[in-house]
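Chemist: coords please:
(2 chains)
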Amino acid sequence: MDMLAGKVKKTSLNLDSAMNPTDVLERPIRLTARDVTVHYGTKQALHGISIDIPDRAVTAFIGPSGCGKSTFLRCINRMNDTIEGAKVGGTIKLDGEDIYAPALDVVELRARIGMVFQKPNPFPKSIYDNVAYGPRIHGLARNKADLDEIVVSSLRKAGLFEEVKDRLQEPGTGLSGGQQQRLCIARAIAVGPEVILMDEPCSALDPIATAVIEELIDELRENYTIVIVTHSMQQAARVSQRTAFFHLGNLIEQGPTEDIFTNPVNKQTQDYIMGRIG
Amino acid sequence: MATDIQTFPEKASSDRTRIIRAGLRRRHLNEQIFRGLGIAAIAVALGFVALLFVDVFRKGIPAFVQSNLHLSVTFDAEVIDVGPAPARGDFASDAEYTAASLKWQRELAMLNWNTIVEASLRKAAPEGFEIDSKQIQTIPETNARHQIREMFVANPSLLGQTVDVDVLASANAANWIRGNINRDLGDAQQQLSAPARQLIDTFVDNGTISNGFAWTIFTNVDSRSAPASAGLLGAFVGTLWMMLIVIVLAVPIGVAAAIYLEEFAPKSRLTDLIEVNINNLAAVPSIVFGLLGAAVFINWFHLPISAPLVGGLVLTLMTLPTIIIATRGALMGVSPALRQAALGMGASKTQMVFHHVLPTTFPSILTATILGVAHALGETAPLLLIGMKAFVASVPATPLDQATALPVQIYLWQGNENRNFFEPRTAAAIMVLLAVMILLNGVAIYLRSRLEKRA
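Modeler: Model (predicted):
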C-alpha cells in the first residue's frame, strides 16, 4: 500500500511537469463513443461504453484481464469486424463522422487510425519494406525518394533509425523485441495516422525496452492522438493524461489520470488501484 | 503465498517425495517403451523401402545392358535393284519429286532386306557353319532390316558398299547370352534352335556380339515385334504431357479454390458442405476418377481416347482435392498476428492475402503441390479406363495424340508374354519412374529450403 502510494506520488510529480495544468479534455475531441456494446455470439462483452478521447493526448484504458478494454480498443479501428460472430452496437465517431456508417471504407479508416499490437508483429520482410508497406498500399509516396524520406522520418520518429540505419534491408523479424515493437510503431506512423491505438504494447517486453517505448509514446503525443490499453497501472500513470477504468465490460470511471490514481470516485476503481482486484 | 510450502508438515512433504519417486520409474519406462516403438516403426518402414530399392535395382540393372551384333553389311546391288534415288533436278515440280521419292521408298520397302542381314550374319559365322535361313534370322532383332533399310534411304550412295553396322541381338538371343534360360533344357523347350544357340555362343566368343549400355531404352518407343528395342520414350513423353496439364490446371485452380474457401468465403452451410465434399473427394478411389473421365471427357466431350489430354484432366480432378486441402492447411497455419498486422495497416483482405499470407505459406503450398503432382505421376488405375493402356509405338507430339504413361508402361511390360526378357525392363521402367519422383521431391525440398531461408 505504501509502496503504491509512493509510486503514484512520484507519478503525479511527473505529470505536473509533463502536461499543462488544465484537463486535456478541454482540447478538441477526436473520438466520441456513445453506448458502445459488443456481443460475441450470445455473450455480451461490452455494456454501453461512452467516452470522449481528446486530441494529441494519451488516453489509457486500464482494468483486469477480460474487462473489455482491448475489445473496446478494437472497436475504434473496426478490427472486431475480422472476428467471426462479433457484433458492435452504439456509435463511435471520428471527428464527428460515424466510423460504422455503411458508406465508410474500413481500409480508409485504418489508414487514419493506426494500431500497435500486444506482441510485436513485424512483417517477415526487410525493415525498409515493413515501414514502406503502408505508404505503398495507400499510394502515399510519389516516387522512390519520397518513400525513402517517409521510411527514414518514420523510423526517426519511432526512435529506431540510429539503431537500424545500416541494415534497412535486413529482416525486421531479426530485431530484438523492443526494436520490433518500435518498428511496428514506425510502420503505423508511416501512413500518417491521426490516431494510434496501442494494445498493451509493452506486455511482451523487458523493463528497459518498456521504458524506451514509454518515452517514445510521450514524444508521439505531441503529434498524435494515442489510446493505450495497459495492464500496468504504473504505465498508465506514467504515460497517460486521461485514464478509463474498465471492469467486466463496463466503463467504471474515467477522468484525468492524476484524479483516477489519487482520488478515484468509484469503489471498484479504488480497489483495483490498490491491488484488491485484478 | 510463498510461505505455504514451508508450513506443510515435514512428514507429508517426505511422503509426497516418496510417491513421486515411486511413479518416476514407471514414467521413464513408458517413455523408453514409446521411443523404442517409434524407432522400430521407422526401422520397419525404412527396411521395406530399402528392400524395394534393392529388389528393383537388382532386377532392373540388366535391362540397361543390351547385346549388340557388330555386322559388316554389304548393300548388295543385286538385292537392291530399284534404280537410283530420284533427284530434285529431274523433276519439274516439288509435287512430282515427292511422288517419285515415295514411289522409290515403297519399292525399297518391298525388297527382302532379310537377305542382306542374313548375308552379313553368315559372313561373321565360322566358315561352313550349317544353319538354315529361318534359324539364323532369330539371332538379330527383327528391327535390324528396318534399320539397314533406313540407312540406305538416308544415303543411297551406299549401294554396292560394305559398312560396319551395329544391330541389336534379339530378345531370345539376349536371354540366352545372359543365362536367363536354362542351358540344360532340351531343344523342345528352347526358344532358339540348337544351331542358333551354338552360333550365338560363337559370336560372343569371337566378339561379333558384345554388351553395351542400352541407350535405346531412353530413345526408343515401345515395341512388341522387336522386344529388344522396346524403350520408354513414348510413355515418358506421355507422362510429361499429363504432368504439364496437371500443373497448368490443378495448381492454379486448387490454390485459388483453397484461398477463396479459407480467406474469403463466408462460413455458411454451403461452404461446410463444400468442405465435406472436398475431403471426401480426396478419399475417392482413383479408378472412379477414371470412370468419370471416360464418361465425361470421352463420351460427352468427345475428346480422343488414349490421349494425354484426357489423362491429364482426370489426374487434375484427382489431384485437386489434395492440393486444396494441403493449401488450406498451410493458410490455416498462418499466425493471426500477421493477418492483424496487415489489416491494422489498412490493407484490404486481398492485399493481406497476396502480400503477406501467400508469401509466407508459399513454400508449404509449393511442397504440397509438387507432392500432389508426384502422386498423380504414379497413378495408373484411372488411365487404364480412358484407354491409355493401349500399345502405342510413337511419341505423342501433342496432348491429343495417342499415348501411354510411365506407370502404365510398367503395367504393360509386367504383363508381356516374354517374361524372361521383360522382367528387367519392367524394373528399369520402375527405376525411371522412381527417379522422376525423387527428382520432383528433391525439387520440392530444394525450393522449400531456399524459399524459407529467404523469408
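
Chemist: in the stretch 101-250 of chain A, which spans are strands?
Modeler: A:113-116, A:195-199, A:225-229, A:242-247, A:250-256 (DSSP state E, counting those that start in this stretch).

Chemist: need those in a markdown table with mean neighbour count, distance to residue B:374 and mean pLDDT, can you?
Modeler: For every residue, glycine as well, the C-beta is placed using N, CA and C. Listed next are the strands of the stretch 101-250 of chain A as a markdown table, based on neighbours: other CB atoms under 10 Å in any protein chain shown; distance: least, CB to CB, whole Å; pLDDT from 0 to 100:
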| stretch | mean neighbour count | distance to residue B:374 | mean pLDDT |
| --- | --- | --- | --- |
| strand A:113-116 | 26 | 43 | 94 |
| strand A:195-199 | 25 | 44 | 94 |
| strand A:225-229 | 26 | 49 | 95 |
| strand A:242-247 | 25 | 55 | 93 |
| strand A:250-256 | 20 | 58 | 92 |
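
Chemist: distance to residue B:417 added to those strands, as TSV?
Modeler: Formatted as TSV, these follow (distance: least, CB to CB, whole Å):
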stretch	distance to residue B:417
strand A:113-116	74
strand A:195-199	75
strand A:225-229	80
strand A:242-247	84
strand A:250-256	87
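
Chemist: now those as CSV including distance to chain B?
Modeler: Output for the strands of the stretch 101-250 of chain A, formatted as CSV (distance: least, CB to the nearest CB, whole Å):
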stretch, distance to chain B
strand A:113-116, 4
strand A:195-199, 8
strand A:225-229, 14
strand A:242-247, 21
strand A:250-256, 23
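
Chemist: what number of residues lie near the nearest residue to residue B:226 once chain neighbours are set aside?
Modeler: Nearest residue to residue B:226, sequence neighbours excluded (CB to CB, 6 or more residues apart in numbering or on different chains): residue B:143, at 3.9 Å. If you count neighbours by other CB atoms under 10 Å in any protein chain shown, residue B:143 ends up with 20.

Chemist: state the pLDDT value of residue B:143.
Modeler: On pLDDT, residue B:143 comes in at 90.

Chemist: ok, it - contacts?
Modeler: Shown in contact with residue B:143 (CB atoms under 8 Å, 6 or more residues apart in numbering or on different chains): B:167, B:168, B:223, B:225, B:226, B:229.

Chemist: roughly how far does it sit from chain A?
Modeler: Here the criterion is CB to the nearest CB, to the nearest Å. By it, residue B:143 lies 59 Å from chain A.

Chemist: domains of chain B?
Modeler: Using automatic domain parsing, the domain ranges for chain B come out as B:67-214, B:233-454.

Chemist: for the longest one, the distance to its chain's centre please.
Modeler: Spelled out, it's domain B:233-454. Here domain B:233-454 shows a centroid-to-chain-centroid distance of 15 Å under the convention CA atoms, centre = their mean, to the nearest Å.

Chemist: what ranges of chain B fall below the confidence cut-off?
Modeler: Scanning chain B for pLDDT under 70 picks out B:1-11, B:454-455.

Chemist: contacts for the lengthiest strand in it, please.
Modeler: In terms of residue count, the longest strand belonging to chain B (DSSP state E) is strand B:65-74. If you take CB under 8 Å, 6+ apart as the criterion, strand B:65-74 is touched by B:116-117, B:119-121, B:123-124, B:139-140, B:144, B:148, B:160-169, B:173-174, B:177, B:203, B:207-214, B:216-217, B:228.

Chemist: now do stretch B:412-428
Modeler: With CB under 8 Å, 6+ apart, stretch B:412-428 has contacts from B:55-57, B:59-64, B:171-172, B:174-175, B:180-181, B:217, B:222, B:224, B:227-228, B:230, B:232, B:389, B:391, B:404, B:410, B:429.

Chemist: can you rerun that using 6 Å?
Modeler: Stretch B:412-428 is contacted from outside by B:56, B:59, B:60, B:62, B:63, B:171, B:175, B:180, B:227, B:410, using CB atoms under 6 Å, 6 or more residues apart in numbering or on different chains.

Chemist: list buried residues within the residues you listed.
Modeler: Among the contacts of stretch B:412-428, those buried by neighbour count (16 or more other CB atoms under 10 Å in any protein chain shown) are B:56, B:59, B:60, B:62, B:63, B:171, B:175, B:180, B:227, B:410.

Chemist: so which bits of chain B are right by chain A?
Modeler: B:337, B:341, B:343, B:344, B:345, B:346, B:347, B:348, B:351, B:360, B:455 (CB under 6 Å from any CB of the partner chain).

Chemist: by neighbours, which of these wins?
Modeler: If you rank the residues of chain B next to chain A by neighbour count (other CB under 10 Å), residue B:345 sits at the top with 30 neighbours.

Chemist: how far away is that one from residue A:116?
Modeler: Using CB to CB, to the nearest Å, residue B:345 is found at 11 Å from residue A:116.

Chemist: so which residues of the stretch 251-400 of chain B form strands?
Modeler: Going by DSSP E, counting those that start in this stretch, the stretch 251-400 of chain B shows no strands.

Chemist: chain B contacts on chain A?
Modeler: Counting by CB under 6 Å from any CB, chain A sits next to chain B at A:82, A:107, A:110, A:111, A:115, A:119, A:121, A:124, A:134, A:137.

Chemist: again, only this time at 8 Å
Modeler: A:77, A:79, A:82, A:84, A:107-111, A:114-115, A:117, A:119, A:121-124, A:133-134, A:137-138, A:184, A:187-188, A:191 (CB under 8 Å from any CB of the partner chain).

Chemist: drop anything exposed from these.
Modeler: Buried, going by 16+ other CB under 10 Å: A:77, A:79, A:82, A:107, A:109-111, A:114-115, A:117, A:119, A:121-124, A:133-134, A:137-138, A:184, A:187-188, A:191, out of those.

Chemist: before we move on, the earlier item: now for residue B:345 and residue A:116: what residues contact both?
Modeler: In terms of CB under 8 Å, 6+ apart, residue B:345 and residue A:116 are both contacted by the residues residue A:188.

Chemist: so for residue A:68, which of the strands of the stretch 101-250 of chain A sits nearest?
Modeler: Residue A:68 sits nearest to strand A:242-247 of all the strands of the stretch 101-250 of chain A, at 5.2 Å, using CB to CB.

Chemist: output the contacting helices and strands for that closest one.
Modeler: strand A:43-54, strand A:58-62, helix A:69-76, strand A:250-256, helix A:257-262, helix A:267-273 (3 or more CB pairs under 8 Å, 6 or more residues apart in numbering or on different chains; DSSP states H and E).

Chemist: right, so these: which one is the most enclosed?
Modeler: strand A:58-62 (a mean of 28; mean count of other CB atoms under 10 Å in any protein chain shown).

Chemist: the inter-axis angle of that strand versus strand A:250-256?
Modeler: 150 degrees (axes from the mean of the first three to the mean of the last three CA atoms, to 10 degrees).

Chemist: what about the residue lying closest to residue B:353 once chain neighbours are set aside, how many neighbours?
Modeler: Excluding the flanking residues, the one nearest residue B:353 by CB to CB, 6+ apart is residue B:263, at 5.1 Å. Neighbour count for residue B:263, taken as other CB under 10 Å: 18.

Chemist: how about the contacts made by residue B:263?
Modeler: B:331, B:349, B:353, B:357.

Chemist: could I get the residues you listed as CSV with neighbour count?
Modeler: Shown next, in CSV, are these (neighbours: other CB atoms under 10 Å in any protein chain shown):
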residue, neighbour count
B:331, 21
B:349, 16
B:353, 22
B:357, 22
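
Chemist: and those residues, which is closest to chain A?
Modeler: residue B:349 (8.9 Å; CB to the nearest CB).

Chemist: residue B:260 is in contact with that closest one, correct?
Modeler: No: with contacts counted by CB atoms under 8 Å, residue B:349 stays clear of residue B:260, the gap being 11.2 Å.

Chemist: secondary structure element holding the closest residue to residue B:147 other than its chain neighbours?
Modeler: Excluding the flanking residues, the one nearest residue B:147 by CB to CB, 6+ apart is residue B:167, at 5.9 Å. Following DSSP states H and E, one finds residue B:167 within strand B:162-168.

Chemist: my read: residue A:135 touches residue A:153, true?
Modeler: No: taking contacts as CB under 8 Å, residue A:135 lies outside contact range of residue A:153: 10.9 Å.
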